[in-house]
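> Below is the sequence, then the predicted model.
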Amino acid sequence: MSKPRPVRAPRGTQLTCKSWQTEAAYRMIQNNLDPEVAERPDDLVVYGGRGQAARSWEAFDAILATLQDLGVDETLLVQSGKPVAVFKTHPDAPRVLIANSNLVPHWATQEHFDELAAKGLIMYGQMTAGSWIYIGTQGILQGTYETLGSLAHLRGWSSLKGKFVLTAGLGGMGGAQPLAITMNEGIGLVVEVDPERAKRRLEIGYVDAVVDTLEEAMTLVEEALESETPKSIGLIGNAAEIFPELVIRNVIPDVVTDQTPAHDLLNYVPSGLSIAEANVLREHDPDAYREKSQASMAKHVQAMLAFQKAGSEVFDYGNNLRQRAFDYGVKDAFNFPGFVPAYIRPLFCEGKGPFRWVALSGNPEDIYATDRAIKELFPEDQHLHRWLELAKEKVPFQGLPSRICWLGYGERAQAGLAFNNLVAEGLVSAPIVIGRDHLDSGSVASPNRETESMKDGTDAVSDWPILNALINAVNGATWVSFHHGGGVGIGFSQHAGQVIVADGTQEAARRLERVLTVDPGLGIVRHVDAGYEEAIQAAKRHGIQIPMLKED
Ligand code: NAD
């Protein structure tokens, strides 16, 4: 009988499976559930409210057993976290194909999803939970670091030095916010309703202090602002109460955002309820819970709109908060932008996005070797060097050692080949597995986040992530996934992921070059198609063939 238990990926160079391709999947699904990595491992929840690694403990054990036996010419199919078939394919094919949470559009509602999930027929895969490439909060830390850096740059600030950033949520993703703020030299106040979550971030050094009252928090914020000292403060409280209270007190932060789980009405904690009371209401009267959640989100957004009117830089950080408030009658909820059109799209036009890798050996030295390789490959990129140095100094590894940085078209393939060489030459002790978030330039359709306000209005067209999954499978990524709903919730997004193993072989080198070139290449193409000039220039510069792109 499969039961919840502590799970940790095997380390070292000894194979449990028949090849490093399957060993990588075997280690990474377990790494996703490592107690250092996962938010609620007993429930198989990795991050993002209820993003799971497998549908049930039985399914989890069956996936592990199947991977152990899987041949180098076989492919395992996983449907919403359950292994459903093994087919004979060929050595260059993916070893695992994953489809999570997908529903035909007309039925793609939270209610229908919840009905099926309650019967154990579907699972919420989030983005990297059900596709086995979550690396703890470092992933989102890097994205948040880039986003805040870009925001400061666009506002004409050299950094966030002396700036006050207000936000909420210290969960799986949101927990990265305080460190990303201080890495950008800012002063952060992060409201978190659950003391346990705040404690966890304090323990791993992501937040500098945790306090219980707004008075204590504001004293610390004011002291830090006075001396322009980077500092992050976690405040135990509900954002739907604290944000409006700050508006009433006329405390206007420089920057305001939010990372509560607003994508899921049953996970956001409504104002006026303790965690225990929220748990009881969720269990006994989910409809009443949803109603209270949405009413609270409306108050939460109204406060953010008031901050914006008073001059704060306000943005939605990809949790669908504005949509919830809008649906509840806050007609101007979309007056503040999402972070992608505001700060990230110019990077997407270059095929630039989150590139992450994990040392399957478990040896931190292997990651330091890859850090050095990246620095040598891109000696001119000071921003990248600063990140790698700060990450080494400040970011404790969670689970298997890993690293992330944002790289563009061409750069990702170069990095992948360099890592493969490190493995081939024995300069790292075991293969490196390379993947990315589904949040990337050509892999997602999410009208309230990654594809918000596309130039040609194609925000909701999900042909792109489907093409992305197909081409990555054809090119030989080690595993490929296609998900619905991650990040912003059921009905609001579709996206694809790919993960590929650098095992030091020539075959791997060929696959790495293909996959890591075409994957970001499709990102450029997607933005060319939408009419972005930066993307058109990038496509021409890189010689990407686009049949209907007119020559100058
Ligand atoms: P999570 O469920 O792990 O954590 C959410 C945290 O918010 C929890 O600690 C919870 O206690 C707290 N919380 C809930 N209601 C609250 C309230 N009213 N006031 C204060 N705190 C409250 O979720 P997560 O993984 O941290 O993700 C947060 C949100 O960000 C999700 O909606 C997710 O989809 C979104 N997200 C955005 C990005 C991005 O790129 N911007 C990436 C991933 C996730």
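Great, that's in hand.

> Show me which residues of the chain are close to the ligand?
Those residues of the chain that sit near the ligand, judged by CB under 6 Å from any ligand atom, are 39, 47-49, 140, 143, 168-174, 191-194, 197, 238-240, 259-263, 267-269, 317-319, 439, 487. Yep, even glycine has a C-beta here, placed from its N, CA and C like the rest.

> which of the residues you listed count as buried?
39, 47-49, 140, 143, 168-174, 191-194, 197, 238-240, 259-263, 267-269, 317-319, 439, 487 (16 or more other CB atoms under 10 Å).

> so of those residues, which ones are in helices?
Among those, the members found in helices (DSSP state H) are 140, 143, 197, 239-240.

> Closest one to G353 out of these, please.
If you rank those by distance to G353 using CB to CB, G143 comes first, at 9.3 Å.

> wait, doesn't that closest one sit right on D437?
Yes. G143 lies in contact with D437 (CB atoms under 8 Å); the separation is 7.4 Å.

> avg pLDDT for stretch 123-136?
Across stretch 123-136, the average pLDDT comes to 96.

> Same question for stretch 58-66.
98.

> before we move on, back to that, any common contacting residues for G143 and D437?
P354 (CB atoms under 8 Å, 6 or more residues apart in numbering).

> And the next helix or strand past the strand or helix carrying A508?
Applying DSSP states H and E as the criterion places A508 in helix 506-529. With elements assigned by DSSP H and E, the helix or strand that comes after helix 506-529 is helix 533-542.

> Residue of this structure nearest the ligand, please.
Nearest residue of the chain to the ligand: G171, at 1.7 Å (CB to the nearest ligand atom).

> OK, contacts around that residue?
39, 47-48, 197, 259, 261.

> I'd like to know how far it sits from T260.
Between G171 and T260 the computed distance is 8 Å (CB to CB, to the nearest Å).

> Check the contact lists of the two and give me the overlap.
Counting by CB under 8 Å, 6+ apart, nothing touches both G171 and T260.

> ok, back up a step: tabulate the ones in helices among the buried ones among the residues of the chain next to the ligand (a markdown table), appending pLDDT and distance to N475.
Shown next, in a markdown table, are those (pLDDT from 0 to 100; distance: CB to CB, whole Å):
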| residue | pLDDT | distance to N475 |
| --- | --- | --- |
| I140 | 83 | 27 |
| G143 | 90 | 25 |
| R197 | 95 | 39 |
| A239 | 98 | 43 |
| A240 | 98 | 46 |
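
> how about the residues you listed, which pair is most distant?
Of all pairs in those, the most separated under CB to CB is G143 and A240 at 25.0 Å.

> can you confirm V210 is in a strand?
Yes. Using DSSP: H, G, I helix; E, B strand; the rest coil, the secondary structure at V210 is a strand.

> Skip the chain neighbours and tell me the closest residue to G71.
Nearest in space to G71, with sequence neighbours left out and distances taken as CB to CB, 6 or more residues apart in numbering, is K18 at 6.2 Å.

> How many neighbouring residues does that neighbour have?
16 (other CB atoms under 10 Å).

> dump the residue contacts of it.
By CB under 8 Å, 6+ apart, the neighbours of K18 are 68-72.

> That one: helix or strand, and which one exactly?
Counting by DSSP H and E, K18 is found in no helix or strand.

> and what of L154?
Using DSSP H and E, the element containing L154 is helix 137-155.

> Return the set of buried residues in the helix or strand hosting D114.
Using DSSP H and E, D114 falls within helix 110-118. Residues 110, 112-114, 116-117 are the ones in helix 110-118 that count as buried (16+ other CB under 10 Å).

> Would you check which pair of those residues lies furthest apart?
The widest separation within the buried residues of helix 110-118 (CB to CB) is 11.0 Å, between Q110 and L116.

> export the longest strand seen in the chain as CSV, just CAs?
Secondary structure of the chain per DSSP state E: the longest strand is strand 494-502. Output of strand 494-502 as CSV, limited to C-alpha atoms (Å, rounded to 0.1, in the frame of the first residue of the first chain):
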residue,chain,number,x,y,z
GLN,A,494,-2.2,26.4,-21.4
HIS,A,495,1.6,25.8,-21.5
ALA,A,496,4.4,23.4,-22.3
GLY,A,497,7.6,22.3,-20.7
GLN,A,498,10.7,20.5,-21.8
VAL,A,499,13.6,18.9,-19.8
ILE,A,500,16.7,17.5,-21.4
VAL,A,501,19.6,15.5,-20.0
ALA,A,502,23.3,16.3,-20.7
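
> neighbouring strands for it, and are they parallel or not?
strand 432-435 (antiparallel), strand 444-445 (antiparallel), strand 479-484 (antiparallel) (DSSP bridges).

> picking that back up, most neighbours, which of the contacts of K18?
L70 (21 neighbours).

> can you tell me the helix or strand for the closest residue to that residue other than its chain neighbours?
Using CB to CB, 6+ apart and skipping the chain neighbours, the partner closest in space to L70 is T22 (4.7 Å). Counting by DSSP H and E, the element that carries T22 is helix 20-32.

> pLDDT below threshold where in the stretch 301-450 of the chain?
Along the stretch 301-450 of the chain, no part satisfies pLDDT under 70.

> er, the stretch 451-552 of the chain I mean
552.

> 80 - rerun?
Filtered on pLDDT under 80, the stretch 451-552 of the chain yields the residue ranges 551-552.

> Could you do the stretch 101-250 of the chain as well?
For the stretch 101-250 of the chain, not a single residue meets the criterion pLDDT under 80.

> all strands for it, in order.
With strands called from DSSP state E, counting those that start in this stretch, the stretch 101-250 of the chain shows them at 164-168, 187-192, 209-211, 231-236.

> most packed of those strands?
Among the strands of the stretch 101-250 of the chain, strand 187-192 has the highest mean neighbour count (mean count of other CB atoms under 10 Å), at a mean of 28.

> Could you export that one as CSV, CA atoms only?
Listed next in CSV are the C-alpha coordinates belonging to strand 187-192 (Å, rounded to 0.1, in the frame of the first residue of the first chain):
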residue,chain,number,x,y,z
ILE,A,187,13.2,47.5,1.6
GLY,A,188,10.4,45.0,1.5
LEU,A,189,7.2,44.5,3.6
VAL,A,190,5.6,41.1,2.8
VAL,A,191,2.2,40.3,4.4
GLU,A,192,1.7,36.6,5.1
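
> Centre of the chain to that strand, how far?
Relative to the mean C-alpha coordinate of its chain, strand 187-192 is positioned 20 Å out (CA atoms, centre = their mean, to the nearest Å).

> List the contacts of it.
Contacts of strand 187-192 (CB under 8 Å, 6+ apart): 160, 162-170, 174, 177-178, 181-182, 198, 201, 207, 217-218, 221, 224-225, 229-239, 242-243, 253.
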